[in-house]
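S.K.: only geometry, no sequence info:
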C-alpha cells in the first residue's frame, strides 16, 4: 500500500511544539464567574496555558518552528513555503508568516501566508504542503499552527481556550522521521463556532458543536481514510484527534472503535487546554517524541465551520536521532508556573486601559 | 503618543530577529550591534557573526520607569549576556522568580514583542532572553 498515494513521497523532516510557561487552574475561572464546580471534571481539563504579556501567536509559532528546524537540520533557504495557521493572528492584515520566515532565514525565495479555518487551518496547510513537496515543486515546506485562543470572559469556552504552537517541516520521505501514507479531507458548511470581523471573542451555536460538527466531521474523515486505504482501527498504534476538551477525543475514539489506550499518549488538553490550531498537531508532536520506528499514527484535526482531515503516518528509523536534536514537548508541558485570574486577565488583555497603552 | 519610526525598525529588523553581529578577522573579537570597523582594534576586515541561541547571564537589572507602551511589561528586566563570542544587552522575559535570577545561569533566546505603536500601528518583534531555571 505504501506507494499507492502521492502523500507517501513525503514526510515530517522536523517537528517542534511550544507551550507558554504560565497556567491557570480551571477551578479559578469557575470560581471567578460562579460556574458549576464540576465543569473541569466534566471537561477533563485541569488547567490551561496562558501566554505571557509579550507573547502572541507569531512569537509562539517562531519558537515551535525553530525547534522543528533544529530537528530537520536543513538549510532554511531550501524551505520554499511557510504556512501559518491561526485564528488569533496579531494583525488582521499583514502576514505573520513573513516575520517568522525572515527571523528563521527562510526569506526571500518562498511562499508565505496565514491561513484561517478555525482550528483546522494548520492541518489544511499540512495537506497543501504534502501536495507541494510530493509534486516536486519544492523540497521543504514549513507548517505552523499557533493560537492565543480568545474566549468571552465567563463563557464556557474560557475554561479551555489556551495558547500553544506546533510546527512541522515537510520534506522527502527519505529524510523523514515519519512519512505520510495517505490523507483525506471532509468539509461541510456547519454553523458551530464563528467570530465576526472586529468582534473580540468567538461565539458558538450551542447545539451544533458536538454531534453535527466535531463528531460528524472527524468520523467522516477517518472513515473516508480507512475506506481509501483499507486500513482498520487495529492497524494504528496511536490515534490523535482534535482536543477541544479532554472528553471529546476519547468519545470519538469510542465511536470509531479505537481503544482509549491509543489516544491517551497524545492527549495534551487536560494539562494545557485547547490550543486551537496547535491542538491535535501538538498531540502528534508528543507522539513523535515517544513513538518507535514502524508505529502507525492516525491523526485527525478538526476545525469549526466545519471540517476535518485524517492522516495515516508511519514512523521511520530516523525518529530517535531527530528527537534528540530538539527540545521535547514534555519540557514545556511540565515546566509551568500557576497564575491567578488577575495575572491571566492582564496577560490576555482583558483589562481595559487608555492612552497609548495596549497589549 | 509619539509615532514610532517605521524605517528605523525596518532597517534593524534582521539584527533584532537574529542578533547578527560582526567578527573581526584581525583580532578575532565579535561585537554587536555591527559596526563598519572593529571597536577593539579598528580593523575594517569584518565578517557576519551569528551567536548561538543559548548563553549565560552575566549581570542583570530592572526598570520600573517605562514609557506608556511598555507599562504592561513592568518591571522590565535587562540582562548582559554572553552568547558565544558576543556580549549583548537584551531584555529578559518569563521572569517569575527573581530570586533565581543569578549571574551564571543559562539563558535562551526567544522572539517576543518589543513594543507596539498604539492600538493601530505596527508591532515590533525582537529577541529577548529567557532564563532556563
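M.R.: Done, it's in. Note that the structure is a prediction, hence the values are computed from the model and not measured.

S.K.: Show me which residues of chain B sit near chain A.
M.R.: Residues of chain B lying near chain A by C-beta under 8 Å from any C-beta of the partner chain: B:1, B:13-14, B:17-18, B:53, B:68-69, B:71-73, B:93-94, B:96-97, B:110-114, B:116, B:118-119, B:122-123, B:125, B:128. Backbone N, C-alpha and C define where each C-beta goes, glycine included.

S.K.: The helix or strand where residue A:313 lies pairs with which strands?
M.R.: Here residue A:313, judged by DSSP states H and E, is contained in strand A:307-315. Using DSSP bridges, strand A:307-315 pairs in its sheet with strand A:178-187 (antiparallel), strand A:296-300 (antiparallel), strand A:302-303 (antiparallel).

S.K.: will you turn those strands into CSV that also has mean neighbour count and mean pLDDT?
M.R.: CSV is the format used below for the strands paired with strand A:307-315 (neighbours: other C-beta atoms under 10 Å in any protein chain shown; pLDDT from 0 to 100):
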stretch, mean neighbour count, mean pLDDT
strand A:178-187, 22, 98
strand A:296-300, 25, 98
strand A:302-303, 30, 98
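
S.K.: will you turn the ones you listed into TSV that also has distance to residue A:140?
M.R.: Below are those laid out as TSV (distance: least, C-beta to C-beta, whole Å):
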stretch	distance to residue A:140
strand A:178-187	14
strand A:296-300	20
strand A:302-303	25
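
S.K.: Could you check how far the lowest-mean-pLDDT helix or strand in chain A is from the centre of its chain?
M.R.: The weakest-scoring helix or strand in chain A, judged by mean pLDDT, DSSP states H and E, is strand A:203-204 (a mean of 94). Here strand A:203-204 is found 20 Å from its chain centre; the criterion is C-alpha atoms, centre = their mean, to the nearest Å.

S.K.: Can you get me a residue count around the closest residue to residue A:14 other than its chain neighbours?
M.R.: Closest residue in space to residue A:14, ignoring its immediate chain neighbours: residue A:72 at 2.9 Å, by C-beta to C-beta, 6 or more residues apart in numbering or on different chains. Look at residue A:72: counted by other C-beta atoms under 10 Å in any protein chain shown, it has 29 neighbours.

S.K.: who's in contact with residue A:72?
M.R.: A:13, A:14, A:140, A:169, A:171, A:175, A:322 (C-beta atoms under 8 Å, 6 or more residues apart in numbering or on different chains).

S.K.: I'd like those as TSV, with secondary structure, pLDDT and neighbour count appended.
M.R.: Formatted as TSV, the contacts of residue A:72 follow (DSSP: H, G, I helix; E, B strand; the rest coil; pLDDT from 0 to 100; neighbours: other C-beta atoms under 10 Å in any protein chain shown):
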residue	secondary structure	pLDDT	neighbour count
A:13	strand	98	31
A:14	strand	98	28
A:140	strand	98	27
A:169	strand	98	28
A:171	strand	98	25
A:175	helix	98	20
A:322	helix	98	23
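
S.K.: Which of these sits closest to chain B?
M.R.: Closest approach between the contacts of residue A:72 and chain B, by C-beta to the nearest C-beta: residue A:14, at 15.4 Å.

S.K.: Can you tell me who the closest one pairs with across the strands?
M.R.: Going by DSSP bridges, residue A:14 forms beta bridges with residue A:169.

S.K.: That one touches residue A:326, doesn't it?
M.R.: Yes - between residue A:14 and residue A:326 a contact is recorded at 7.3 Å, counting by C-beta atoms under 8 Å.

S.K.: which residues are common contacts for the two?
M.R.: Counting by C-beta under 8 Å, 6+ apart, the residues touching both residue A:14 and residue A:326 are A:67, A:68, A:70, A:71.

S.K.: Quick check: the nearest residue to the first one once chain neighbours are set aside vs residue A:290, distance?
M.R.: Right, residue A:67. Using C-beta to C-beta, 6+ apart and skipping residues adjacent in sequence, the residue nearest residue A:67 is residue A:16, 2.7 Å away. According to C-beta to C-beta, to the nearest Å, residue A:16 stands 15 Å off from residue A:290.

S.K.: which of the two has more neighbours?
M.R.: Neighbour count, other C-beta under 10 Å: between residue A:16 and residue A:290, residue A:16 has more, with 27 against 16.

S.K.: name the element the more buried one belongs to?
M.R.: Using DSSP H and E, residue A:16 falls in strand A:10-18.

S.K.: How far away from the center of its chain is that strand?
M.R.: The answer for strand A:10-18 is 12 Å, by C-alpha atoms, centre = their mean.
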